[in-house]
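J.: no FASTA, just this:
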């Protein structure tokens, strides 16, 4: 058994949807579209697959007020984002370039 992670980067997007009137949630802030954009972009860059990059949907990650949120493992780096340009910056800088995007880190 290897200590190496199955994926070089395993990315989880919170897609939690709360009932109207409850606490804020990532689903109300465009999380689904962002997750789909990231998945498509990773495939376009030919980074998807075993040992490489996986983009996953997640339920509540309990950082609702900081959302929308995503977390990249195995580093455990948490990000927020506003639009696809932010997602692209996270992919280009963190996943491809190996550096943290400080302005989006939470």
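T.: Nice, thanks for sending it over. No experiment lies behind these values; they were computed from the predicted model shown.
J.: how about low-confidence regions in this structure?
T.: By pLDDT under 70, the low-scoring segments of the chain are 1-2.
J.: max-length helix in it?
T.: Looking across the chain with DSSP state H, the single longest helix is helix 31-44.
J.: buried set for that one?
T.: Neighbour-count burial for helix 31-44, counted by 16 or more other C-beta atoms under 10 Å, picks out 31, 34-35, 37-39, 41-42. Yep, even glycine has a C-beta here, placed from its N, CA and C like the rest.
J.: ok, the closest residue to residue 104 other than its chain neighbours - contacts?
T.: The shortest distance from residue 104 to any non-neighbouring residue, by C-beta to C-beta, 6 or more residues apart in numbering, is to residue 79 (4.7 Å). By C-beta atoms under 8 Å, 6 or more residues apart in numbering, the contact set of residue 79 is 69-72, 86, 90, 94, 101, 104-106.
J.: and the residues you listed, which of them are buried?
T.: 69-72, 86, 90, 94, 101, 104.
J.: neighbours of residue 11, how many?
T.: 25 (other C-beta atoms under 10 Å).
J.: gap between the residue nearest to residue 104 and residue 14?
T.: 11 Å (C-beta to C-beta, to the nearest Å).
J.: which residues do those two both contact?
T.: Jointly contacting residue 79 and residue 14 under the rule C-beta under 8 Å, 6+ apart are 69-70.
J.: is the residue nearest to residue 104 in a helix, a strand, or coil?
T.: In three-state terms, and counting by DSSP: H, G, I helix; E, B strand; the rest coil, residue 79 is strand.
J.: any idea how far it is from residue 57?
T.: Residue 79 is 16 Å from residue 57, by C-beta to C-beta.
J.: what do you get for residue 12?
T.: Distance from residue 12 to residue 57, by C-beta to C-beta: 8 Å.
J.: and for residue 75?
T.: 19 Å.
J.: check contacts around the residue nearest the centre of the chain.
T.: By C-alpha atoms, centre = their mean, the mean C-alpha position of the chain lies nearest to residue 70, the distance being 3.5 Å. Going by C-beta under 8 Å, 6+ apart, residue 70 touches 11-14, 34-35, 38, 78-81, 90.
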